[in-house]
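Colleague: predicted model and sequence below, questions to follow.
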Amino acid sequence: MVPVELLVATAHDVERVVVVAEQHVKAVLLDAPVDQALQRARLRNAGAATDRFESERVEFFQRVRAAYLSRAAAEPHRISVIDATQSAAAVAAEIITVLEGRAWIS
């Protein structure tokens, strides 16, 4: 298995090469505690074969989540964090509010 730190470092390197001119790109990060997100994934994928990614340990997903949240904290002008523990309708409404509030859409 590839350590998540290497994946994050590699992702940063790729972004610097590929997206240097695209720093205006905005992102919305849908965040939920790992245990809740994994439970949702299990329910959504019930009966399907588990792939290598889904077979990772909880600690892997915790590190990935922490890396994304760290990135969002470092780049709040580019990345908005949405609480994904809400209902789908509430999440959708919050996304629209964030996008309009930041003038990312009109």
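Modeller: Nice, I can see it.

Colleague: quick check, pLDDT for Ile105.
Modeller: With respect to pLDDT, Ile105 scores 80.

Colleague: what's the closest non-adjacent residue to it?
Modeller: Among residues not flanking Ile105 along the chain, Leu99 sits closest, at 4.4 Å (Cβ to Cβ, 6 or more residues apart in numbering). Heads up, the C-betas are built off the backbone N, CA and C, glycines and all.

Colleague: contacting residues around the residue nearest the centre of the chain?
Modeller: Ranked by distance to the mean C-alpha position of the chain (Cα atoms, centre = their mean), the top residue is Leu29 at 4.5 Å. Neighbouring residues of Leu29 by Cβ atoms under 8 Å, 6 or more residues apart in numbering: Tyr68, Leu69, Ala72, Ile79, Ser80, Val81, Ile82.

Colleague: same for the helix or strand hosting Ala73, what does it pack against?
Modeller: Assigned by DSSP states H and E, Ala73 belongs to helix 58-74. Using 3 or more Cβ pairs under 8 Å, 6 or more residues apart in numbering; DSSP states H and E as the contact test, the elements touching helix 58-74 are helix 4-18, strand 27-31, helix 34-44, strand 79-83.
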